[in-house]
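Undergrad: Below is the structure, and that's it, no one-letter string:
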């Protein structure tokens, strides 16, 4: 199969959406499919306001249309709701090409936090974007139910995976020299230092140990000034990040609006248990919906208490839960959700 993947999130950006798409493309290629990725690096770009490190395509429609017209493809997938996603949506509708989309990020909540935009306006905008999609792929049942209540149609589950070879198991917290001087236990956060991550809850919660942050973002400078005693590692190469996961005693995930939370799986693959709020993303990662059993971490409304409890979770249980997710399974589900671009859906 020949697939065109249109995305506003791609390397060198560093975030969960980019990781998901890179791993997806890798698995699709291994399965014998051909994937043509159309990304911002192929266009003139400008920085996304308020989000350093994320560049967006500037008026890409004409160039994108020429690209798509020159390609032979069986299916087209619009991964994001940015300038490339909106341009591709318009081009598909004009040419009566069927396409699928994905809901990776709860942007209405981000827009409310960053710009005070009412949730109903945000959801109206994104419901309009996905309105003609033949399949809106969502990573959790919770998000699927949320969007269904908001009036989204053609919702299809599509969970994610983790590279259990890169994020290798450590049966006890490993040594990592840059953090060796810190008082244990070590609690870490990995992700963008931005509005939607609710990172300040992690920074201010009581914890008898040391806190480490891996990531950058628009709130970084302000939070560094206001919270003394936090170790900030910035962006790390993924093999180095695996070492940080392995050295931690607990991984803290403070976000309440994450659609999935890939970093939790990465930490758990290394054997590091997770503490999180009982919301969609963490529930998908930690909770077995068939048995009702939480494995590999602790969910609780009191994040500090959940973090303390997670310190008692055996590391092998975190690894076992992570092993239940694979990119091969994720890519198979993705392929099953695609539609023929030339079908008669219009």
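TA: Nice, thanks for sending it over. Small disclaimer: the values here were computed from a predicted structure and weren't measured.
Undergrad: does residue 111 really touch residue 117, like I thought?
TA: Yes - assessed by C-beta atoms under 8 Å, residue 111 is found in contact with residue 117 at 4.2 Å. To be clear about C-beta, it is placed using only N, CA and C from the backbone, and glycine gets the same treatment.
Undergrad: So which of the two has more stuff around it?
TA: residue 111 (20 against 16; other C-beta atoms under 10 Å).
Undergrad: State the distance from that one to residue 315.
TA: 38 Å (C-beta to C-beta, to the nearest Å).
Undergrad: go on, residue 262?
TA: For residue 262, the distance to residue 315 - C-beta to C-beta - is 19 Å.
Undergrad: And these two? Which one has more around it.
TA: Set residue 262 next to residue 315 and count neighbours by other C-beta under 10 Å: residue 262 wins out with 24 against 20.
Undergrad: ok, how many other residues are close to the nearest residue to the more buried one once chain neighbours are set aside?
TA: Excluding the flanking residues, the one nearest residue 262 by C-beta to C-beta, 6 or more residues apart in numbering is residue 16, at 4.3 Å. Residue 16 is flanked by 23 other residues according to other C-beta under 10 Å.
Undergrad: Quick one: residues contacting residue 166.
TA: Contact partners of residue 166, counting by C-beta atoms under 8 Å, 6 or more residues apart in numbering, are 238, 239, 242.
Undergrad: Would you check that the last one makes contact with residue 164?
TA: No - with contact defined as C-beta under 8 Å, residue 242 does not count as touching residue 164 (10.7 Å).
Undergrad: lowest-confidence helix or strand of the chain?
TA: helix 107-115 (a mean of 69; mean pLDDT, DSSP states H and E).
Undergrad: So which elements touch the next helix-or-strand element following it?
TA: Toward the C-terminus, helix 107-115 is succeeded by helix 119-129 as the next helix or strand (DSSP states H and E). The contact analysis (3 or more C-beta pairs under 8 Å, 6 or more residues apart in numbering; DSSP states H and E) places helix 119-129 against helix 83-95, helix 107-115.
Undergrad: buried stuff in helix 119-129?
TA: Using 16 or more other C-beta atoms under 10 Å as the test for burial, helix 119-129 gives 122, 123, 126, 127, 129.
Undergrad: can you put those in CSV and add distance to residue 94?
TA: Putting these into CSV (distance: C-beta to C-beta, whole Å) gives the following:
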residue, distance to residue 94
122, 26
123, 26
126, 21
127, 21
129, 16
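Undergrad: nearest to residue 194, of the residues you listed?
TA: Nearest to residue 194, judged by C-beta to C-beta, of the buried residues of helix 119-129 is residue 122 at 16.1 Å.
Undergrad: Contacts for stretch 216-233 next, please.
TA: So stretch 216-233 is in contact with 50-53, 178-179, 182, 192-195, 197, 199-200, 203-204, 210-214, 234-235, 244, going by C-beta under 8 Å, 6+ apart.
Undergrad: repeat that for 7 Å
TA: Contact with stretch 216-233 is made by 50-53, 179, 182, 192-195, 200, 203, 210-214, 234-235, 244, as judged by C-beta atoms under 7 Å, 6 or more residues apart in numbering.
Undergrad: Of those, which qualify as buried by neighbour count?
TA: Applying 16+ other C-beta under 10 Å to the contacts of stretch 216-233 flags 51, 179, 182, 192-195, 200, 203, 210-214, 244 as buried.
Undergrad: Greatest separation within these: which pair is it?
TA: The distance between the two most remote of the buried ones among the contacts of stretch 216-233 (C-beta to C-beta) is 29.5 Å, for 51 and 182.
Undergrad: and the longest strand anywhere in the chain with helix 83-95, angle?
TA: Assignment by DSSP state E gives strand 51-57 as the longest strand of the chain. Here the directions of strand 51-57 and helix 83-95 differ by 20 degrees (axes from the mean of the first three to the mean of the last three C-alpha atoms, to 10 degrees).
Undergrad: Partner strands of strand 51-57 and their direction?
TA: With DSSP bridges as the test, strand 51-57 is paired with strand 45-48 (antiparallel).
Undergrad: Flag the shaky bits of the protein, pLDDT-wise.
TA: Applying pLDDT under 70 to the chain flags the ranges 50-52, 107-108, 110, 113-115, 344-346.
Undergrad: Report the secondary structure state of residue 5.
TA: Counting by DSSP: H, G, I helix; E, B strand; the rest coil, the backbone at residue 5 sits in strand.
Undergrad: Among the buried ones among the contacts of stretch 216-233, name the ones in helices.
TA: Residues of those located in helices (DSSP state H): 200, 203, 244.
Undergrad: show me the contacts for the last one.
TA: Residue 244 makes contacts with 176, 188, 214, 233, 236, as judged by C-beta under 7 Å, 6+ apart.
Undergrad: for the spatially most central residue of the chain, phi and psi?
TA: Note on the chain: the residue nearest the mean C-alpha position is residue 16, at 3.3 Å, using C-alpha atoms, centre = their mean. Backbone geometry at residue 16, expressed as degrees, to the nearest 10, gives phi -60, psi -30.
Undergrad: Could you check how far residue 185 is from residue 13?
TA: For residue 185, the distance to residue 13 (C-beta to C-beta) stands at 32 Å.
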